[in-house]
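Asker: Below: sequence and its predicted model.
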Amino acid sequence: MLEFFTGHYAYWFTIILLCIGVYGIMFKKNLIKKTIGLAILQISVVMYFVAVASKWDATVPVLDPNIPVEQAANYLNPLTHTLMLTAIVVGVATLGVAFTLLIAIYNRYETLDEQELIDKMK
Amino acid sequence: MKALKILVLVLFAAVLIYASSGLPNRGDADNLMHADRSVINTTVKGSYFIKNAYRDAATPNMVTVVLGDYRSIDTFGEQVVIYTAGLITLLVLRRTRRLKKEIKS
Amino acid sequence: MRRQYDSPIVLLGARLLSPYIMLFGWYVIIHGHYSPGGGFQGGALLAASVLLIRVAGGKRVSRLQIAEFATTPLAVVGVVIYFATGLVAMAMGGYFLDYEMLPFPGDMEASMLRYYGILIIEVGIGLAVMAILIMIYDNMVRGEDYA
């Protein structure tokens, strides 16, 4: 039972972060708060992938001359770290485009509240 | 209405936590992800990159070798993505003066 | 964000910090082979050092460092460096982005050719990411009052 907890608690923390992001998208009425919830959701997925790649008693994936590279259990898995670098940059680009569209909406409709926008667009 | 939203969120969290109990323990030495050969005896990519990165590219940092040499086309696609995001901000928000003069006259 | 910030302490702090952040950003890009780092991280640090002066100093002061029309050609140069490496490798007979066919003088073995190929690509990525992050900020400030 204790092994189950020490092996799985990292997944539970990332799921809690994901649910905080979904709470921000579903329950808030201001458009900027919804965008912040979207950013939190993207970061939780990045954290999950980095947590999966860990091994006990292993070191950073940078070659050390004292630690032999023949046994692959000495170094962390570098594949998921690389994919998450791409994911972070895509998240930044998505946030940039989202804020640009929010500025364009504010210039046109003078409000950023969800219910007032729906009333003004009718 | 609000009670229904709270119920949906709690159900979503419960389903995710139940689904994550089938995952292997974090950091175990005999995960399928960290093995040397897979179940059907092909190479597993993580171990292959660790063993052969310094021999192929003379670089100690394995993450840079994977990002710049083994998976370089993914990095090229990512440059296109961030360049497109920059172009979108330029096209949506820069207005020329001709549009304002047309509206006024 | 157009006018200078009212307090002189903020401008003094930004002027003291910004060159060191830019130097550290260059260090992170070039030492991407030997320690954690690389193109994307160094590009974000370089953009942070320029944006600090833009937020604290206003438009008249920071226009002297990087002008607003100059960020778009810099971004294009960054992407073209990456693409030109691939096309040169293809013109010499390999596949796209095959570093072993790059025309370097002298007789180097295959692993050192890949070393230099990755270095050129990291510099291109850093330049493109820096220019685009500054460009996003500039366009958002300019488009703020077309109401």
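Answerer: Alright, I've got the coordinates. What you see is a predicted model; the values in this text were computed from it and never measured. Numbers count the residues shown, from 1 in each chain, chains lettered A, B, ... in the order given.
Asker: who are the neighbours in contact with residue 61?
Answerer: Since no chain was named, I'll use chain A. If you count contacts by Cβ atoms under 8 Å, 6 or more residues apart in numbering or on different chains, A:P61 has them with A:Y75, A:L76, A:N77, A:P78, A:H81, B:I50, B:N61, B:M62, B:V63. For glycine as for every other residue, the C-beta is placed from the backbone atoms N, C-alpha and C.
Asker: You answered for a different chain; I wanted chain B.
Answerer: By Cβ under 8 Å, 6+ apart, the contact set of B:N61 is A:P61, A:V62, A:L63, C:G32, C:H33, C:Y34, C:S35, C:P36, C:G37, C:G38.
Asker: hmm, try it at 6 Å
Answerer: A:V62, C:H33 (Cβ atoms under 6 Å, 6 or more residues apart in numbering or on different chains).
Asker: is it in a bridge, and if so with what?
Answerer: B:N61 has these beta-bridge partners by DSSP bridges: A:V62.
Asker: where does chain B have its least confident helix or strand?
Answerer: The weakest-scoring helix or strand in chain B, judged by mean pLDDT, DSSP states H and E, is helix B:97-104 (a mean of 56).
Asker: show me the biggest helix of the chain in terms of residues.
Answerer: Picking chain A for this. Under DSSP state H, the helix in chain A containing the largest number of residues is helix A:78-109.
Asker: um, chain C though
Answerer: Chain C, longest helix under DSSP H: helix C:110-142.
Asker: So for it, mean pLDDT?
Answerer: For helix C:110-142, mean pLDDT is 92.
Asker: Mind naming the longest helix for chain B?
Answerer: helix B:72-93.
Asker: Chain A contacts on chain B?
Answerer: Selection of chain B residues close to chain A by Cβ under 6 Å from any Cβ of the partner chain yields B:5, B:13, B:16-17, B:20, B:25-27, B:45-47, B:49-50, B:54, B:60-63, B:66-67, B:78, B:81-82, B:85, B:88-89, B:92.
Asker: residue contacts, B:F12?
Answerer: Not one residue lies near B:F12 by Cβ under 6 Å, 6+ apart.
Asker: Please read the previous query as pertaining to C:R54.
Answerer: By Cβ under 6 Å, 6+ apart, the neighbours of C:R54 are C:S62.
Asker: could you measure it against C:S18, distance?
Answerer: As defined by Cβ to Cβ, to the nearest Å, C:R54 lies at a distance of 10 Å from C:S18.
Asker: what do you get for B:F76?
Answerer: Per Cβ to Cβ, B:F76 is found 31 Å from C:S18.
Asker: Quick check: the residue of chain C nearest chain B.
Answerer: C:G143 (2.9 Å; Cβ to the nearest Cβ).
Asker: could you pull out the helices for chain C?
Answerer: So, for chain C - with DSSP H - the helices run C:8-30, C:39-57, C:59-62, C:71-91, C:110-142.
Asker: Which residue comes closest to A:L18 once chain neighbours are left out?
Answerer: Excluding the flanking residues, the one nearest A:L18 by Cβ to Cβ, 6 or more residues apart in numbering or on different chains is A:S44, at 4.4 Å.
Asker: count of neighbours near A:G24?
Answerer: By the measure other Cβ atoms under 10 Å in any protein chain shown, the count of residues near A:G24 is 18.
Asker: Give me the pLDDT value at B:Y48.
Answerer: The model's pLDDT for B:Y48 equals 89.
Asker: thinking again about what came up before, in the longest helix of chain A, what counts as buried?
Answerer: With burial defined by 16 or more other Cβ atoms under 10 Å in any protein chain shown, the residues of helix A:78-109 counted as buried are A:78-87, A:89-97, A:100, A:102-103.
Asker: what's the burial count for the residue of chain B found nearest chain C?
Answerer: For chain B and chain C, the shortest gap (Cβ to the nearest Cβ) falls at B:L93, measuring 2.9 Å. B:L93: 21 surrounding residues under other Cβ under 10 Å.
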